[in-house]
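Q: Fold the following for me, if possible:
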Amino acid sequence: MNRPLPCLYSHYSKTRWYRRLVAGEFIIQFDQYPEREVIIDEVADKRLPIPSLIAWKDRIRELCTQDASVWNTYSPGSLLALLRRERKKFLQNSFPAWAESGFNHAIPAWNPMESTEHLLIIPDVYDAAPLDVQIQLLRSPWGEDTKIHVGLPNEFINQSELSDPVLFLDAPHEISSDQIHALALKGHVVCADVWYALAFLQENVQVSACLDHREWFAASICNTSVFEAGDHRIPETSHFHPIFKQPTATGAIRMFKTLTPEQNPSCYSGVIKKLSNCAAYPSWIASKHIAIHQGFFLQHPDGTWEQVPHTQAHAVHVSLATVQSTAVTVEPKFFRGKASPLEVSYPHGGLFTSFNYYFTENLKAWYAHYDDRPLPWDDFFLDYLAVRHEDLLLESVPLYQKALLGYSQNGELFACEGDWDSLSLTTGRTQTCLHFDRQGKDAGSDATIYFPNDPDTLVGAGKICATIIHDYVWAVCEGPVKVPPFGVVVASAARLFEKESSVTWSVHWKSLPVPKETVVWLAGGFNALILDGENQVATDMDTTNRLRKEGWYTKASQLTQETQLTPEGLQPRSAIGGTSDDIFILSIAGRFPESEGATFSHVASLAQSIMSMHQAGTIEFLVNLDGGASSVLGLAKDGEKPCLLTQPSPSLSNSAGQPRRVPALLTLQFKEDIQQ
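A: I've put the predicted structure just below:
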């Protein structure tokens, strides 16, 4: 990241942006390939049948992973052009003419200079909007007396004196630090190309820009989404089109953003400084049993932690909120689709944080490859879930052996191992009951249950195989079949199930800390950091052993994760834990220069250190929650402005500074009659 942009992807080597592309209609991510993969082509996704779409994405994968030169010798804009050419060649007549060049979405934010004699406009040569349309849009905030010059940096640099607009544009190229500063002396720079805008900012040169709202650096700078309704004549394939098409809640507003060096998006100092200043907490928490601790912490070589000023290198920003367990009700919130934690009702106030892993784009593609029925992807839990409905505990099947987090009728939050003794399964129509032991055998029949392991393994040869996802019989056919990473296969000589029928599960757990009949909800799919007061992840080796025991390293499990779990990985983290009297949530900011993130070992030792500093009691359990861009901790109450205690990290699809929309989150809501 030390070189100006636009640059070659080889310059990103050893950064998290290596093999990432967010440009035009494409969002592509292979920085952790093959464990993590994102391939989005908004044009193709909306217009291609599933088989053609899978073939096209296979071609993208081939281009981007097997031929390193595709990434290493191209700039982002050049790679975008290559993908569009490949798509046109590969799909031939599958698209209308207007879609050949793709489209982009823009977030304008206007705040022009008061005056400038020369305006140097750098258009986006890959955008479908005609050059004159781009010029009109980019020059409109400035006065009529401003002299307009259009071109790419090399064309401006080669002119001893700025003359009439340059209308012959070469492909984007690298520009050096000296060239950037030379351009700044010739006039004020306005960019439609976000990569050039970033290049100027990284050299501390002021620039104005029309920015792509999906770029994390653009969203961080703009911190808003403002569009203007009006002229629809700009092609839909242009990233300028939404500027005139999308209305705003406050009416038609046009803004342009002048980016100053202090707003350099290559750092997030403003974000972390805001957190370190500990913005005023909402007044309603004064009447609640809650304690909040925030600050920067640094680990010493001996493993101990110390609170330090935010300017100290390698420190992490930590927020920890502790409440008396008798003061709150703990429950997960599940959404049909995705929602923001700010959209949840908190009548008496409460805390919210991330919950657990859900579906990835990989899984959706896997589903679509085998079944093109519209399924509610975001409603499926990945591992195990039990929820009490009146007198019934409705359960799914535990797919792996990941840690459990649960809540009992007496208000006890608990965590434990995910080991089970046996499973009972009752079919919906024939009321046939199967009872599987740990080897997957049913003692009363020849039925066998197969769990996810290797996605390429075939099971059930010569038998009738029912693929079951949660309580839904997805398919019934003669084996052999594959076991999906999010379901099980029951194979038997007789046909025991009907397709699209439902089943009922009952799981017999080895060591639940509460009687099962008192469970309100119980969820699997977590990794435990502390259990029964014992640190399970004291070292990286301990962490590896723990993750292996919980089944995170099986091939099937790896398909279910948005982010691979690595013992040494520094990431944003959220975790929930408990003492004999209290529940606490710990959130660590990550992917910021001032707070890179934490390992699992860090989270456990940090929690122990902070709780010890404040004499809060011995930690009985600590469970890692969903992390990454989903990691968030906040306070909310109906009628009050929410307060974020930690800052969501940037990602491809999430604007920095905003809680990510998720399919589930965990809430700790205060009871009505609790007073200080």
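Q: in stretch 38-51, what counts as buried?
A: Residues of stretch 38-51 classed as buried by neighbour count (16 or more other C-beta atoms under 10 Å): V38, I39, I40, D41, E42, V43, A44, L48. Yep, even glycine has a C-beta here, placed from its N, CA and C like the rest.
Q: Contacts only, for the second one.
A: Remark: with contacts taken as C-beta atoms under 8 Å, 6 or more residues apart in numbering, I39 is in contact with I27, I28, Q29, K57, I60, R61, E361.
Q: In JSON lines: the buried residues of stretch 38-51, plus distance to S69.
A: Compiled in JSON lines, the buried residues of stretch 38-51 are given as follows (distance: C-beta to C-beta, whole Å):
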{"residue": "V38", "distance to S69": "21"}
{"residue": "I39", "distance to S69": "19"}
{"residue": "I40", "distance to S69": "23"}
{"residue": "D41", "distance to S69": "21"}
{"residue": "E42", "distance to S69": "26"}
{"residue": "V43", "distance to S69": "25"}
{"residue": "A44", "distance to S69": "24"}
{"residue": "L48", "distance to S69": "27"}
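Q: Between the residues you listed, which sits nearest V623?
A: V38 (26.9 Å; C-beta to C-beta).
Q: Among the buried residues of stretch 38-51, which ones are in helices?
A: E42, V43, A44 (DSSP state H).
Q: Lowest-confidence one in those residues?
A: The lowest pLDDT within those belongs to E42, with 75.
Q: Look up how far K89 lies from that one.
A: From E42 across to K89, the span is 19 Å (C-beta to C-beta, to the nearest Å).
Q: For F352, which residues count as its bridge partners?
A: Beta-bridge partners for F352, by DSSP bridges, are G634, T667.
Q: Not counting its neighbours along the chain, what's nearest K637?
A: Nearest non-adjacent residue to K637, counting by C-beta to C-beta, 6 or more residues apart in numbering: G349, 3.7 Å away.
Q: Give me the subset of the contacts of I39 lying in strands.
A: Under the assignment DSSP state E, the contacts of I39 contribute I27, I28, Q29 to strands.
Q: OK, contacts around the second one?
A: What that stands for is I28. By C-beta under 8 Å, 6+ apart, the contact list for I28 reads R19, R20, L21, V22, V38, I39, I40, I60, C64.
Q: on contacts alone, who are the packing partners of the longest helix seen in the chain?
A: For the chain, the longest helix by residue count, based on DSSP H, is helix 76-91. Packing partners of helix 76-91 (3 or more C-beta pairs under 8 Å, 6 or more residues apart in numbering; DSSP states H and E): strand 20-23, helix 42-47, helix 50-61, helix 68-72.
Q: Dump that helix to PDB, restricted to CA.
A: Presented in PDB, the C-alpha positions along helix 76-91 are these (Å, rounded to 0.1, in the frame of the first residue of the first chain):
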ATOM      1  CA  PRO A  76      -8.200  -2.600 -11.000                       C
ATOM      2  CA  GLY A  77      -9.600  -0.700 -14.000                       C
ATOM      3  CA  SER A  78      -7.700  -2.800 -16.500                       C
ATOM      4  CA  LEU A  79      -8.900  -6.000 -14.800                       C
ATOM      5  CA  LEU A  80     -12.500  -4.700 -14.900                       C
ATOM      6  CA  ALA A  81     -12.200  -4.200 -18.700                       C
ATOM      7  CA  LEU A  82     -10.700  -7.700 -19.100                       C
ATOM      8  CA  LEU A  83     -13.500  -9.300 -17.200                       C
ATOM      9  CA  ARG A  84     -16.100  -7.500 -19.300                       C
ATOM     10  CA  ARG A  85     -14.300  -8.600 -22.500                       C
ATOM     11  CA  GLU A  86     -14.200 -12.200 -21.200                       C
ATOM     12  CA  ARG A  87     -17.900 -12.100 -20.300                       C
ATOM     13  CA  LYS A  88     -18.900 -10.900 -23.700                       C
ATOM     14  CA  LYS A  89     -16.800 -13.500 -25.400                       C
ATOM     15  CA  PHE A  90     -17.800 -16.300 -23.000                       C
ATOM     16  CA  LEU A  91     -21.500 -15.600 -23.000                       C
END
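Q: Show me where the stretch 501-650 of the chain has its strands.
A: Ranges of strands within the stretch 501-650 of the chain are 503-509, 519-531, 534-535, 573-578, 582-588, 621-624, 633-636, 643-644, based on DSSP state E, counting those that start in this stretch.
Q: and the ones you listed, which one's lowest on average pLDDT?
A: For the strands of the stretch 501-650 of the chain, mean pLDDT drops lowest on strand 643-644, to a mean of 84.
Q: Identify the neighbouring strands of it in the sheet and state each direction.
A: strand 633-636 (antiparallel).
Q: From the rest of the structure, what touches the strand it pairs with?
A: By C-beta under 8 Å, 6+ apart, strand 633-636 touches 281-282, 285, 319, 321, 341-342, 344, 346, 349-353, 574, 585, 587, 642-646, 659.
Q: Would you agree L183 is in contact with V190?
A: No - between L183 and V190 there is no contact under C-beta atoms under 8 Å: 11.5 Å.
Q: Compare the two (neighbour count), which wins?
A: For L183 versus V190, neighbours defined as other C-beta atoms under 10 Å are more numerous around V190 (28 against 22).
Q: Tell me where the stretch 251-400 of the chain has helices.
A: Counting by DSSP state H, counting those that start in this stretch, the stretch 251-400 of the chain has helices at residues 269-276, 361-370.
Q: quick one: which of the ones you listed has the weakest pLDDT on average?
A: helix 269-276 (a mean of 47).
Q: Quick check: the gap between the residue nearest to L512 when sequence neighbours are not counted and E144.
A: Residue nearest to L512 in three dimensions, not counting chain neighbours: C416, with 6.3 Å by C-beta to C-beta, 6+ apart. To E144, C416 is 72 Å away according to C-beta to C-beta.
Q: So those two - more neighbours on which side?
A: When neighbours are counted by other C-beta under 10 Å, C416 and E144 differ, and C416 comes out ahead with 21 against 5.
Q: List the contacts of the more buried one.
A: By C-beta under 8 Å, 6+ apart, the residues touching C416 are A403, L404, G406, W509, S511, L512, P513, L531, F621.
Q: can you rerun that using 6 Å?
A: C416 makes contact with L404, S511, P513, according to C-beta atoms under 6 Å, 6 or more residues apart in numbering.
Q: follow-up on the earlier one: go through the ones in strands among the contacts of I39 and say which is closest to A313.
A: Closest to A313, out of all of the ones in strands among the contacts of I39 and judged by C-beta to C-beta, is Q29, at 28.6 Å.
Q: Assess the claim that that closest one and L21 are in contact.
A: No - contact criterion C-beta atoms under 6 Å: Q29 and L21 do not qualify, at 7.7 Å.
Q: Which residue ranges make up each domain of the chain?
A: Here the domain assignment for the chain is 9-99, 118-266, 267-355+376-384+517-548+563-676, 420-508, based on automatic domain parsing.
Q: can you list those domains in TSV and add distance to L392?
A: Below are the domains of the chain laid out as TSV (distance: least, C-beta to C-beta, whole Å):
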stretch	distance to L392
domain 9-99	37
domain 118-266	43
domain 267-355+376-384+517-548+563-676	11
domain 420-508	9
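Q: Figure out which of the ones you listed is closest to K555.
A: Among those, domain 420-508 comes nearest to K555, with 5.0 Å by C-beta to C-beta.
Q: Okay, now the closest one: how far is its last residue from its first?
A: Its start and end residues considered, domain 420-508 measures 6 Å (C-alpha to C-alpha, to the nearest Å).
Q: try stretch 584-596
A: Start-to-end span of stretch 584-596 (C-alpha to C-alpha) is 22 Å.
Q: All the helices of the stretch 51-200 of the chain, in order from the start?
A: Under the criterion DSSP H, counting those that start in this stretch, the stretch 51-200 of the chain contains helices at 68-72, 76-91, 131-139, 153-157, 177-186, 194-202.
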